[in-house]
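J.: got a predicted structure plus its sequence, pasted below:
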Amino acid sequence: MAATKPVGARAPLATTSWGRTGRVSARSTNVIRVCFVLGAAIIWESLSRSGLLFRDVVPSLVAIVASMGKLLVNPAFYANLQVTAWEVAASLAIGGVAGIVVGIVLGSNKFLARAYEPYVYYLAPTPRIIFFPVMIMWFGVGIASKIALGALSCFFTIALSTAAGMRGIDKVLIRVGRTFRATPWQMATKIYLPAMSAPVLNGVRLGFGTAVITALLAETKLSNQGLGFMVMQIYARFDMPTLYGLLAIVFLIAGLGNLLLGKIAGGART
Amino acid sequence: MSNVANASTVTTVAAPKPQLVIDKVFKRFGDGPGAVVAVDQVSFDVRPGEFVAVIGPSGCGKSTLFNIIGGLLDDYSGDVLCEGDRVAGPHPAIGMVFQEESTFPWRNVLDNVAFPLELRGVGKAERLERAHHFIDLVGLGGFEKRMPSELSGGMRQRVSIARTLVSQPHILLMDEPFAALDEQTRLLLGDKITQIQQDLKQTTLLITHNLTEAVQLSDRIVVMTYRPGRVKRTVSIDLPRPRTSDVVSSAAFGKYVAEIWADLREEASRGMADAEGRTRGAAPRG
Amino acid sequence: MARAASPLMTRGLPIAVGAASVIGVFGLLEALLRLGVVNRYIVPLPSDVLLSLERIIVEENVLARMRETAYEVVMSGLFTILVGVPIGAALYRWRPLRRALEDWVAALAAAPLVLAFPLFLVMFGRSSTTVIVMSVITGLAPMILKTTEGFVATRPVLINVGKSLKMTDSQMFWKILFPSALPLIFTGIRLSWTFVLISVVGIEFLINLGGLGQLINDLAERYDLPGTYAAICFVILVSVVFFVALERLETWLQPSR
């Protein structure tokens, strides 16, 4: 059988390029990332220089970076950052504790879960910012109303993921605890807590995201301090480079916070 | 027992040109000391209308061989010749049935089976008619409008077989199509396959690790060795045709099974020893 | 709780208890307000809120506002699909691209992007366009991530079936990959449309423009206490209905499998 005529020798595998399973090297990943960032920067900069759009709308990257530098040495930025950070931390603490407690109750009791969890579940994906007028009436225009709104926002996410985490515990683990006659305290600290920490911390991470957004948006609506307030101040001056710069810094800080909480949650899993 | 003699004369007299030739096929994965030779100098052939089974323990390179013959793995050395063409990429004359569940869950039985005809642009009326024919052939008449999720595992595998048969492949290539099924279903599906193969004079190559299944269905069995996968020997099965699953209770069947098992056991225990060795070698880490 | 109980006991009773306690809380609030324990200038009477519900629906042009919000949600939602699904497919198609950018898309999903609304105010003014653009950006990341996830989840054996049938690239995409990814794409649509609704209402409220979000802002600025509460309840109700409808739609659209 020497006379072999390769039938569609190249064609078949070459045409079906979907579903490849080859390895992707770390280097090519980094090359793509660098190219992506450079490409975006070049497009941005040429758009800015071309004058096709208003210069103000797409400011030069040089101007944006310069404004970021100025922000980072501006004491007012740090004062506002501190206010927002405090608001987020306080709302996460209040909403978090409330959420975890409610989550544990819902997760451990089927009856209560059936009775009340639908309310938590269906209220979770609703726009929270619209409660802001009510929060102002209750807590005034200061940071208390932002904390209350932030706490309200992150409560639902944290409660739901705690309840889910509680229900997700392997029943075998609980039986093991029972057969060793663990006390309720031992059950809580040796079994429930370690088994639940990952979903709870993940809920806290998600709650952090909503608390940040809510606090910032509330600040843009009505306040005299905080990063959201600063954004509106800069907007009122139509200082576009600084607006971009501040937004970039805020996204970066929020991203780092999210990453940090993700790392903690990931560490709890193993 | 005159039937046996009859059948054997038929197979020996009719020895036409092979339809599928596997010639010194070799495949190695990886390089250096970690390289694994999956298939080593494997040669055999399949003649028109013949049912051949390749049997071997896990790790004998059966699936690699399946992928090479099916054209899903195209860098191998040696030759796989399908009707004279070297296989490099899926060959139109070969129809494949996979081990895993492979029906499209979003299509009903009829549309699943008609799928290859749809790709070829066959008109709707004709493709539905042909699909109906093959659905009846695999015994699923009446289930045309059902979704795969409503069917049992055995029925779904029959849908896959009908879907492959509908494009009328010259060679049917199957990789452990009944692996996920229970023993009874397996025997009954075997009957179906035997009957189809006889009705259509379908040339078939079955890859399997199940001994009874191989003896029940095949004209010839190629026994493979454990790593590297080589051909240990080839056994002709001279059991009467038409065959049904009743054949498994015959003395001749038992003789074949015992004979092949003797070869297979040696290979399978080598595989087991190897696996245990690897487990021991991997020192437990704290 | 009740171990060997009828379905009515295990299903119906908790639901009844839940509903009863919600009504009970409002009843208690009503009583406390009437007794003067809680300040009526901060919390209106629940009965007043209930009565105002009708008033705001009739007087505040709620239908027109709903139409406006619905328009913005649908537009943003459609754009999210139109942009997100192709990007998600592209991330699947070019694996190095996915390796490089998937984490960034995930980071984007977690970033407080809505804060950028003043930027779009500068570009498009106080208009529906601002609301829509901002909401598309908010809803995009989950759409992309779920789409990619859907394609990645395609069972390899189905791709092998396609290869053995010598399917072309476009046949492979439309006849195997896309239908297989569809369930998770629907999940992506549900998630991103939920985000879009939250963002649309939120931005309407923040920039005092157009639909339901503005309604709350208007009433709050007029210091119409029961009206504000009623409007909030109404918007929450609308978003819950929207959310439930999306969930139903998702399960209904799932091809049976």
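T.: Looks like it came in fine.
J.: use CA for all of it now, contacts and neighbours both
T.: Noted.
J.: what are the ranges of the helices in the chain?
T.: Since you didn't name a chain, this refers to chain A. Secondary structure of chain A, counting by DSSP state H: helices at A:11-15, A:26-50, A:61-72, A:75-108, A:110-123, A:132-139, A:143-168, A:171-179, A:184-186, A:193-221, A:227-236, A:240-269.
J.: should've been chain B
T.: Applying DSSP H to chain B gives helices spanning B:2-13, B:62-70, B:109-119, B:124-137, B:153-165, B:183-200, B:211-217, B:251-281.
J.: which one of the ones you listed lies nearest to B:Leu20?
T.: helix B:62-70 (9.2 Å; CA to CA).
J.: distance of B:Leu72 from chain C?
T.: In this view, B:Leu72 and chain C are 7 Å apart by CA to the nearest CA, to the nearest Å.
J.: wait, doesn't that residue sit right on B:His91?
T.: No: between B:Leu72 and B:His91 there is no contact under CA atoms under 8 Å: 9.8 Å.
J.: can you list residues touching both of those two?
T.: C:Ser164 (CA atoms under 8 Å, 6 or more residues apart in numbering or on different chains).
J.: of these two, who's got more company?
T.: B:His91 (26 against 22; other CA atoms under 10 Å in any protein chain shown).
J.: quick one: contacts for the more buried one?
T.: A:Val7, B:Gly70, B:Gly71, B:Cys82, C:Ser164.
J.: next one: A:Lys263
T.: With CA under 8 Å, 6+ apart, A:Lys263 has no contacts at all.
J.: next one, pLDDT for it please.
T.: A:Lys263 is assigned a pLDDT of 85 by the prediction.
J.: cool, B:Ser2 as well?
T.: Note on B:Ser2: pLDDT of 41.
J.: nearest residue to the middle of chain C?
T.: Among the residues of chain C, the one closest to the centroid is C:Thr194, at 1.4 Å (CA atoms, centre = their mean).
J.: following the host helix or strand of C:Phe117, which helix or strand comes up?
T.: Using DSSP states H and E, C:Phe117 sits in helix C:117-124. Sequence order places helix C:128-152 as the next helix or strand after helix C:117-124, per DSSP H and E.
J.: what angle do helix C:117-124 and that following helix make with each other?
T.: Counting by axes from the mean of the first three to the mean of the last three CA atoms, to 10 degrees, helix C:128-152 lies at 120 degrees to helix C:117-124.
J.: tell me the contacts of the closest residue to A:Gly99 other than its chain neighbours?
T.: The shortest distance from A:Gly99 to any residue other than its chain neighbours is 4.0 Å, reached at A:Ala159 (CA to CA, 6 or more residues apart in numbering or on different chains). A:Ala159 sits next to A:Gly96, A:Ala98, A:Gly99, A:Ile100, A:Val101, A:Val102, A:Gly103, A:Ile104, A:Val120, A:Gly203 when contact means CA under 8 Å, 6+ apart.
J.: distance check, A:Ala159 against chain B.
T.: In terms of CA to the nearest CA, A:Ala159 sits 35 Å off from chain B.
J.: okay, now the unreliable bits of chain C?
T.: C:1-10, C:255-257 (pLDDT under 70).
J.: quick one: least confident helix or strand in chain B?
T.: The helix or strand of chain B with the lowest confidence, counting by mean pLDDT, DSSP states H and E, is helix B:2-13 at a mean of 42.
J.: in the stretch 151-270 of chain A, what residue comes closest to chain C?
T.: Proximity to chain C, evaluated over the stretch 151-270 of chain A using CA to the nearest CA, is greatest for A:Ile213 at 5.1 Å.
J.: pLDDT score for that residue?
T.: Note on A:Ile213: pLDDT of 93.
J.: contact partners for it?
T.: C:Pro112, C:Val114, C:Leu115.
J.: gap between it and A:Ala151?
T.: 12 Å (CA to CA, to the nearest Å).
J.: and the residue nearest to C:Gly150 when sequence neighbours are not counted, how many neighbours?
T.: The shortest distance from C:Gly150 to any non-neighbouring residue, by CA to CA, 6+ apart, is to C:Ala181 (4.1 Å). Residues near C:Ala181, counting by other CA under 10 Å, number 20.
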